[in-house]
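Q: With the sequence up front, the predicted model follows.
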Amino acid sequence: MNEEPLVSVVRGSLDDHELAALAAILTSRSTSVNSETPSQAASDWLRSARPTGAARGWRASGLPR
């Protein structure tokens, strides 16, 4: 099994702190891509600010949904 590394240092050298920071960034990015986050339902407040697909006049705005 002779695979290329995913990340390599092309120029310069990393000290321990820089390597730890790089590993933390790569770890956090890979877990967020691989795991699904549960979607939360939008609140009524948030939904009221979104434009709707239908054009409604001021009369229809007082009617129940």
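A: Now that the structure is in, tell me what you want to look at. Computed from a prediction, not measured in an experiment: that's the story for all the values here.

Q: For L46, give its distance to P64.
A: For L46, the distance to P64 (CB to CB, to the nearest Å) stands at 20 Å. C-betas here are computed from N, CA, C, even on glycine.

Q: Compare these two (neighbour count), which wins?
A: L46 (9 against 3; other CB atoms under 10 Å).

Q: do you know how far the more buried one is from Q40?
A: Distance from L46 to Q40, by CB to CB: 10 Å.

Q: do S28 as well
A: From S28 to Q40 the distance is 21 Å (CB to CB).

Q: likewise A60?
A: Counting by CB to CB - A60 and Q40 are separated by 29 Å.

Q: of those two, who's got more company?
A: A60 (9 against 6).

Q: element containing the more buried one, please.
A: helix 58-61 (DSSP states H and E).

Q: what mean pLDDT would you report for that helix?
A: What helix 58-61 shows for mean pLDDT is 70.

Q: Output that helix as CSV - backbone C-alpha positions only.
A: Taking Å, rounded to 0.1, in the frame of the first residue of the first chain, the C-alpha atoms of helix 58-61 are listed here in CSV:
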residue,chain,number,x,y,z
TRP,A,58,-52.1,44.4,2.1
ARG,A,59,-55.6,42.9,2.3
ALA,A,60,-54.4,39.4,2.1
SER,A,61,-51.8,40.1,4.8
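
Q: Point me to the residue sitting farthest from the middle of this protein.
A: R59 (38.9 Å; CA atoms, centre = their mean).

Q: and L22, how many neighbours?
A: Neighbours around L22, by other CB under 10 Å: 13.

Q: Next, find the distance separating it from E4.
A: 17 Å.

Q: Same check on A24?
A: From A24 to E4 the distance is 22 Å (CB to CB).

Q: Of the two, give the one with the bigger neighbour count.
A: Neighbour count, other CB under 10 Å: between A24 and E4, A24 has more, with 10 against 5.
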